[in-house]
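# Build me a model from this:
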Amino acid sequence: MSTASPIAIYEQMIQKDNFSQWLGIELMQISVGYCQLQMIVRPEMLNGFGILHGGVSFAFADSAFAFASNSHGRLSVSQQASMTYAKPAKEGDILIAEATQLNLGHKTATFDVKVYQKTSEVVIGFFRGSVYRTAKEMGPY
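Alright, predicted model coming up:
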């Protein structure tokens, strides 16, 4: 296992993660196997119906998934992910993505991510993903 802390791994990853930067995510909490992010829904994130585009919701959840799955210190890459959309979000909503590890194996791991509105705690989506855990330790890449 890498000697880098989850926060150091997050900081290393976010430096080159232009899309997560574009989302405007803010790290709320991170620990081994867990990540909580915050994001504000902006006008350019809305679809033609004036609600948060599903692809943006997915990407937000995927970012939390990526940071949580790599927090162990081994480079982990997504194998599969899906999302169920429960409620819409609108411009100005503050969203939380909370990624939690369900299982951790030598080569694979599975995570759930709940995306919800910060003030009302209304869940807007449920994401589940699995990663392949490489043998490579996190470090400069």
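
# Is Asp35 bridged to anything, and to what?
Actually, residue 35 is Cys. It isn't Asp. As for beta bridges, Cys35 partners with Ile30, Ala99 under DSSP bridges.

# That one: what's it in contact with?
By CB atoms under 8 Å, 6 or more residues apart in numbering, Cys35 lies in contact with Pro6, Tyr10, Leu27, Gln29, Ala64, Phe65, Phe67, Ala68, Ser71, Ala97, Glu98, Ala99. In this view, the C-beta of every residue, glycine as well, is placed from N, C-alpha and C.

# Next, the closest residue to the first one other than its chain neighbours: phi, psi?
Put plainly, it is Pro6. Among residues not flanking Pro6 along the chain, Ser71 sits closest, at 4.0 Å (CB to CB, 6 or more residues apart in numbering). Backbone torsions of Ser71, given as degrees, to the nearest 10, read phi -60, psi -20.

# Quickly name whichever of the contacts of Cys35 is closest to Asn47.
Nearest to Asn47 among these: Ala97, at 18.7 Å, using CB to CB.

# what about the nearest residue to Ile94 once chain neighbours are set aside, how many neighbours?
Excluding its sequence neighbours, the residue lying closest to Ile94 (CB to CB, 6+ apart) is Lys118, at 4.1 Å. Neighbour count of Lys118, defined by other CB atoms under 10 Å: 14.

# Could you turn the buried ones of the contacts of Cys35 into a ChimeraX selection?
Selecting only the buried entries of those in ChimeraX, with 16 or more other CB atoms under 10 Å as the criterion:
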select :6,10,27,64,65,67,68,71,97,98,99
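
# now the contacts of Cys35 as a markdown table including pLDDT?
Output for the contacts of Cys35, formatted as a markdown table (pLDDT from 0 to 100):
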| residue | pLDDT |
| --- | --- |
| Pro6 | 95 |
| Tyr10 | 96 |
| Leu27 | 98 |
| Gln29 | 98 |
| Ala64 | 98 |
| Phe65 | 98 |
| Phe67 | 98 |
| Ala68 | 98 |
| Ser71 | 96 |
| Ala97 | 98 |
| Glu98 | 98 |
| Ala99 | 98 |
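
# If anything else comes up later, I'll come back, but that's it for now.
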